[in-house]
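*Asks:* Provided below are the primary sequence and the corresponding predicted coordinates.
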Amino acid sequence: MSKMFEDLMTGLDEVDAFLAGEKTGYKVSVPSEVDVKAIRNRLSMTQSRFSDTFGFSLDAVKHWEGGRRTPESSARAFLTVIARNPNAVIAALHPAKAARVAAKRTASLSRKSK
């Protein structure tokens, strides 16, 4: 799981470097706008749980959703990854919890097959 997290963070660092003009040679598609509330609602999370799960400050989430602030490019890139594959992000950021959930699923499936 830590390899996945490292890959994700490397990708985000590359996005930042590209947008800062430090790296060239490839194109990154970071949306100019991200609907944070829609992403959060699709995940059925409160603002507090969303911020805790993905490492955002609660105030930032509130300001983004209220239209008072716009996420920086690195946050928009991260939010795009969350929108596309939230389980991978959760597994990368919370490997112990992901392992417990996977173990419970495996146990549940083995009980159902008996």
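*Replies:* Noted; the coordinates are in hand. Numbers count the residues shown, from 1 in each chain.
*Asks:* In contact with the residue nearest the centre of the chain, which residues?
*Replies:* Nearest to the geometric centre of the chain sits residue 82, at 3.3 Å (Cα atoms, centre = their mean). Shown in contact with residue 82 (Cβ atoms under 8 Å, 6 or more residues apart in numbering): 39, 54, 89. (Glycine included, C-beta is placed from N, CA and C.)
*Asks:* got TSV for the residues you listed, with pLDDT, secondary structure and distance to residue 109 too?
*Replies:* Putting those into TSV (pLDDT from 0 to 100; DSSP: H, G, I helix; E, B strand; the rest coil; distance: Cβ to Cβ, whole Å) gives the following:
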residue	pLDDT	secondary structure	distance to residue 109
39	97	helix	29
54	96	helix	28
89	94	helix	24
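*Asks:* Report the buried members of the residues you listed.
*Replies:* Among these, those that count as buried by neighbour count (16 or more other Cβ atoms under 10 Å) are 39, 54, 89.
*Asks:* tell me which residues of stretch 47-55 are tucked away?
*Replies:* Across stretch 47-55, burial judged by 16+ other Cβ under 10 Å covers 47, 50-51, 53-54.
*Asks:* CA-only coordinates of that stretch in CSV, if you can.
*Replies:* Extracted C-alpha coordinates of stretch 47-55, given in CSV (Å, rounded to 0.1, in the frame of the first residue of the first chain):
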residue,chain,number,x,y,z
GLN,A,47,-17.6,17.8,5.4
SER,A,48,-15.8,16.7,8.6
ARG,A,49,-15.4,13.1,7.5
PHE,A,50,-14.3,14.1,4.0
SER,A,51,-11.7,16.5,5.4
ASP,A,52,-10.4,13.9,7.9
THR,A,53,-10.3,11.1,5.3
PHE,A,54,-8.4,12.9,2.6
GLY,A,55,-6.3,15.3,4.7
